[in-house]
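**Student:** I would like to see how this sequence folds:
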Amino acid sequence: MVENQSLCNSNYDEQGYLVIRNFFSAAEISSLRKVILKFHDLWKRDNAEFYQEEAFNSSLITGTKYLAFNDRIELFNFIGSNKIINVIESVMPANPSFMNTQLFFDPQNREQNNFWHRDCQYDYDEEDQKKVIDQTQVLHLRVPLFDEPGMELVPGSHKRWDNDEELNVRLEKKQRASSESLSTGKEIKLAAGDLLLFSADMIHRGLYGLDRLALDILVFESAAVYADYVDDDCLPDISMLDQMEDSTLFTNTMALKSLACTE
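**Tutor:** Numbers count the residues shown, from 1 in each chain. Coordinates of the predicted model:
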């Protein structure tokens with residue numbers, strides 16, 4: 001179980017993020033790294049031009065395109081391990097559901113800058129972004145596979161709207177750039193074995209350097225209407241569920257998708 005679970009919940013609720021140092025053993029990270037590198041090498045081969053010119057992340061890691069059955073089982077078991085489920089439920093207790101996985105790496109284009117954003121800005125206009133921040137919750141769990149510069153976050157911004165500086169930089173208004181520094185930003189350096197939880201709706205950006213390679217697991221609360229965002233190919237087959245330590249995240253998603261189909 002997560003130690004001081006109520007404290008974890010309180011810290012995350014107030015700040016919008018939570019760092020747990022040395023959460024994973026060296027053996028756990030080594031095993032995960034082998035699976036992820038299989039995916040990454042094959043993905044880079046299929047997306048060579050995109051990778052060289054502008055990519056900084058990939059997604060759908062748990063899908064069938066690049067990973068074999070046993071590799072997918074290993075990845076599902078990592079995501080559904082008791083230790084990860086416990087920490088998710090410490091900050092999102094109401095039927096957390098699996099959304100997606102992403103892999104973050106340094107862009108090959110060295111002129112490409114990182115950028116401040118809220119995840120919701122890519123689906124909603126400003127007024128609807130304000131509603132999303134108040135009404136829904138999506139959680140990122142970042143697992144660095146190597147030591148890296150980490151993330152820069154604006155603590156507490158998951159529960160409030162941007163101030164003038166933040167809005168102008170994030171949305172590049174008044175001749176500001178989204179790669180500029182923010183006076184409210186806080187850098188969180190990460191090492192292999194650490195776990196960072198942060199709200200997708202907070203103002204944040206990844207920090208490039210040290211050939212970073214980080215797996216993000218995205219989870220949403222059951223009350224949010226994100227089941228349609230989930231790619232069926234990225235969910236485990238029914239035959240896999242019995243081989244998993246804890247399939248709760250995935251069965252919750254399956255139930256929501258099934259309900260959506262009947263409505």
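
**Student:** residue contacts, residue 25?
**Tutor:** Shown in contact with residue 25 (CB atoms under 8 Å, 6 or more residues apart in numbering): residue 193. Placement of C-beta: from N, CA and C, glycine included.

**Student:** What of residue 207?
**Tutor:** Residue 207 neighbours (CB under 8 Å, 6+ apart): 114, 148, 149, 150, 151, 152, 187.

**Student:** when you check the residues you listed against the helices, which ones overlap?
**Tutor:** Taking DSSP state H, every one of the contacts of residue 207 sits outside helices.

**Student:** what about the strands in the chain?
**Tutor:** Assigned by DSSP state E, the strands in the chain fall at 17-20, 57-59, 97-105, 138-144, 148-153, 186-190, 195-199, 204-206, 213-220.

**Student:** of the ones you listed, which approaches residue 250 most closely?
**Tutor:** strand 97-105 (5.2 Å; CB to CB).

**Student:** coming back round to it: now tabulate the strands of the chain in a markdown table and tack on distance to residue 76 and mean pLDDT.
**Tutor:** Shown next, in a markdown table, are the strands of the chain (distance: least, CB to CB, whole Å; pLDDT from 0 to 100):
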| stretch | distance to residue 76 | mean pLDDT |
| --- | --- | --- |
| strand 17-20 | 21 | 96 |
| strand 57-59 | 16 | 97 |
| strand 97-105 | 9 | 97 |
| strand 138-144 | 14 | 97 |
| strand 148-153 | 24 | 98 |
| strand 186-190 | 23 | 98 |
| strand 195-199 | 18 | 98 |
| strand 204-206 | 25 | 98 |
| strand 213-220 | 11 | 97 |
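
**Student:** so which of those comes closest to residue 33?
**Tutor:** strand 213-220 (7.9 Å).

**Student:** Tell me the strands beside that closest one, with direction?
**Tutor:** When sheet partners are counted by DSSP bridges, strand 213-220 sits next to strand 97-105 (antiparallel), strand 138-144 (antiparallel).

**Student:** Not counting sequence-adjacent ones, nearest residue to residue 29?
**Tutor:** Using CB to CB, 6 or more residues apart in numbering and skipping the chain neighbours, the partner closest in space to residue 29 is residue 192 (5.1 Å).

**Student:** swap that for residue 170, sorry
**Tutor:** residue 116 (4.7 Å).

**Student:** Equivalent analysis for residue 148, please.
**Tutor:** With CB to CB, 6+ apart, the residue lying closest to residue 148 is residue 212, at 3.8 Å.
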